[in-house]
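Visitor: Sequence plus the predicted model coming up.
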Amino acid sequence: MARNKRWGAKYEDNRNWKEYNKHLIKRGEFYIDPAFLETWHIDLISMNDNKVGQPYKYPNSLIEYLAVLKGKGFDYRALEGILHVLSRLFGPFPVISYSQIRRRILALPISFSQSSSSRTMGVDGSGIKVTNRGEWMRQKWGIRRGWIKAVILGDAEGNVRDIRIGNDKFDERSAGRRMICKNHKNMDKMLMDGLHDVNDTFDLCEKYDLETGINVRKNASPKGLNRRAREVRLYQKLGYKDWASHKQYGTRWPATEGIFSAVKRIFGECVSSYRDQNMYRETLLKFWAYQKLKGLGT
């Protein structure tokens, strides 16, 4: 059992470290393995089936490979340069230009796998910086560009199941409820921090018959018969530590903050784009790329 110091709650870390190390090595192999060449022609046949207009010349498997490298910090021109080398070593195959790489990555279909067996979910939000030039410039020149907020629905196995992205004024509570509405058939339990201690969220979980583990405020009123009032009475009866153990609140870490920590560690915590929509797209690609790497070898 491991203890989460922030929440005072215990959760089981059943990680197989030998397999986990193999996974990290597999991730490194992905960065330089042009596996897209193995399915290039099959992918193009499928993509061009019944397509009107000019046929695709480059498969989505190639664009997905480049999108992960873009998330690692390579610019578009560097991505074209990488393809020139791979074409020389493993090809030859046609090399897509950096401007086409940008257009294809921005238009890449993004989805998150629903193959996880976990039905315990968590919702949380975190900020992504819009510049990597630090706070000094903001204070020196009075510049405030804000930041990007990513709100994720993750499961206890550390998988991203859904995501919403907006600016620093983005309503995390509303985003969380929208994701619950969309994904409620695939979950049994919701774990959230105190920001979500509102009647609307409790009532929505009650509507879909979802167990709740939402950290209520210490001064919350226990009066009433609705879900929130019942949860407040349970919290006050047990105290935080016993409540957290009863609710298995510690599993919120791998479902939410563990994902944010991994994404920022692997792909960085800032974006390089300037237009709002492109910044949102770049943020989305970070979480998609994390999920893609996490699924290697599974």
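Guide: Good, I have the coordinates.

Visitor: okay, CA-based contacts and neighbour counts for the rest of this
Guide: Noted.

Visitor: Show me the shaky parts of this protein.
Guide: 1-15, 20, 114, 132-145, 297-298 (pLDDT under 70).

Visitor: other SSEs contacting the top helix by length along it?
Guide: Longest helix of the chain, by residue count under DSSP state H: helix 276-294. The contact analysis (3 or more CA pairs under 8 Å, 6 or more residues apart in numbering; DSSP states H and E) places helix 276-294 against helix 60-71, strand 147-155, strand 160-167, helix 258-267.

Visitor: Output the ones you listed in TSV; the columns should cover distance to Ile82 and mean neighbour count.
Guide: Compiled in TSV, the helices and strands packed on helix 276-294 are given as follows (distance: least, CA to CA, whole Å; neighbours: other CA atoms under 10 Å):
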stretch	distance to Ile82	mean neighbour count
helix 60-71	9	21
strand 147-155	30	25
strand 160-167	29	21
helix 258-267	18	17
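
Visitor: Need the ones you listed in CSV (columns: distance to Phe30).
Guide: Formatted as CSV, the helices and strands packed on helix 276-294 follow (distance: least, CA to CA, whole Å):
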stretch, distance to Phe30
helix 60-71, 8
strand 147-155, 24
strand 160-167, 20
helix 258-267, 14
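
Visitor: Give the buried residues for the longest helix of the chain.
Guide: By neighbour count with 16 or more other CA atoms under 10 Å, helix 276-294 contains the buried residues 279-294.

Visitor: Which one of those is nearest to Leu153?
Guide: Phe287 (11.4 Å; CA to CA).

Visitor: So that closest one is in contact with Val263, correct?
Guide: Yes - at 6.4 Å, Phe287 and Val263 qualify as touching, with contact defined as CA atoms under 8 Å.

Visitor: list the residues that contact both of the two?
Guide: When contacts are counted by CA atoms under 8 Å, 6 or more residues apart in numbering, Phe287 and Val263 have no shared neighbour.

Visitor: right, and the helices and strands packed on helix 276-294 - which one's nearest Pro109?
Guide: Shortest distance between Pro109 and the helices and strands packed on helix 276-294, using CA to CA, is found for helix 60-71: 8.8 Å.

Visitor: what residues does the host helix or strand of Ser126 touch?
Guide: Using DSSP states H and E, Ser126 sits in strand 120-129. Here strand 120-129 makes contact (CA under 8 Å, 6+ apart) with 146-156, 168, 172, 176, 187-193, 252, 255-257, 260, 269-271, 283.

Visitor: How are the helices of the stretch 1-150 of the chain distributed by residue range?
Guide: 17-32, 36-48, 60-71, 76-90, 98-106, 134-141 (DSSP state H, counting those that start in this stretch).
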